[in-house]
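> okay, sequence plus prediction incoming.
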Amino acid sequence: MIIAGNFKSFKTREGTKEYLEKLEAEVLNSSSEVVIFPPSTALQSWKGKVSVGTQNAYPTENGAFTGEIGLEQLEEFQTKYILIGHSERREILKERDKFIAEKFDFFTENSFKVILCIGESLEIRREGEEKVLEFLNRQLEKIDLSKDFVIAYEPIWAIGTGITPTLQEIDSILEKLHKLSGKKVLYGGSVKLSNSVEILSLPNCDGVLVGGASLEPLDFAKMVSIADEVQK
Ligand code: 13P
C-alpha cells in the first residue's frame, strides 16, 4: 500500500520538519510506503521510513526557467518522488497532456518514482462511467505504459469538496485502470480518516493520495495503520 500526503501550498519548512518528526515516530514499523509532498520551499533531506517527494519540477537539470526547479535542486534533498499531472496544475497552471508526458518521460528516465494523477470533471462523470473511462484513457494516451510508475485516480469534483464517488464507483474505475495499465492505482479526493477504512479495503485500491486530511500528522499516521491492517 502507498499512503501519500499532498500538502499543496500549506506548511513552512519548519512546520514540515516538525510534522516529519511526529509522523516518523508513528509509522516507523509500517509495512506501507509513506510519502509526503510538501511545497518546494519545505523539501528536506529526510532519511527514515517516510519519504519526501516534490509536488512539481521542470523537466530539466537546471536552466532559465524562472520560478521552477530542476534535477539539480531536487538532488540536494535526494528527492526521488514526484507528482505529475495533478488536476490543480492541469486546471490552474494550464499544463497540457503533451507537457505532462514530457515531464513523465524526463523524470522516469531519471529514476524518479512518479505518481501520475488523472481524473475527470463532474460534467464528464454525469455522462456515466463509459465517458469517464474514455477521458482517463485520453489522459494516458501520451504516457509510456512500459515505464514503472503509479497512477492516482483523483476525480476533480471530489478534491477538497468532501464529496466522493460511491465505493463501487471508485473500485470499478480502479479495476479498469489496473487492467489497462498493469500499475498500482491510488484513489484521491476527500479521503479522510473517517472514510479511509472503506476506501483502503476496496479490492483494487493500492493506497491513497490525501490532500487536506494529510496536514495533521497523527491523523495521517492513523491512515497508515489502517493501510497496514487491510493490507491485501
Ligand atoms: P483532498 O484530500 O483535500 O480532497 O485533496 C486531494 C488531492 O488533491 C490530493 O492530491
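Perfect, I can see it now.

> any weak-confidence spans in this protein?
Under the criterion pLDDT under 70, the flagged ranges of the chain are 232.

> which bits of it sit near the ligand?
6, 86, 154, 159-160, 188-191, 209-213 (C-beta under 6 Å from any ligand atom). Yep, even glycine has a C-beta here, placed from its N, CA and C like the rest.

> please flag which of the residues you listed sit within helices.
Using DSSP state H, no member of those falls in helices.

> going through those, which ones are buried?
With neighbours counted using 16 or more other C-beta atoms under 10 Å, these contain these buried positions: 6, 86, 154, 159, 188-191, 209-213.

> now the residue in the chain that the ligand sits nearest to, nearest residue through space, not along the chain?
Per C-beta to the nearest ligand atom, residue 211 is where the chain lies closest to the ligand, at 2.2 Å. Closest residue to residue 211 apart from its sequence neighbours, by C-beta to C-beta, 6 or more residues apart in numbering: residue 6 at 5.2 Å.

> and residue 117, backbone torsions?
Main-chain torsions, residue 117, degrees, to the nearest 10: phi -100, psi 130.

> so it sits against residue 82, correct?
No - checked against C-beta atoms under 8 Å, the pair residue 117 and residue 82 is beyond contact range at 10.9 Å.

> where does the spatially closest residue to residue 48 that is not a sequence neighbour land in three-state SS?
Spatial nearest neighbour of residue 48, excluding adjacent residues (C-beta to C-beta, 6+ apart): residue 24 at 4.8 Å. Three-state assignment for residue 24 (DSSP: H, G, I helix; E, B strand; the rest coil): helix.

> please report the distance of residue 24 from residue 41.
Distance from residue 24 to residue 41, counting by C-beta to C-beta, to the nearest Å: 20 Å.

> okay, strands next: where are they in the chain?
With DSSP state E, the ranges of strands along the chain come out as 2-6, 33-37, 50-52, 81-84, 113-118, 150-153, 184-188, 207-210.

> tell me who's in contact with residue 132.
120, 124, 125, 173 (C-beta atoms under 8 Å, 6 or more residues apart in numbering).
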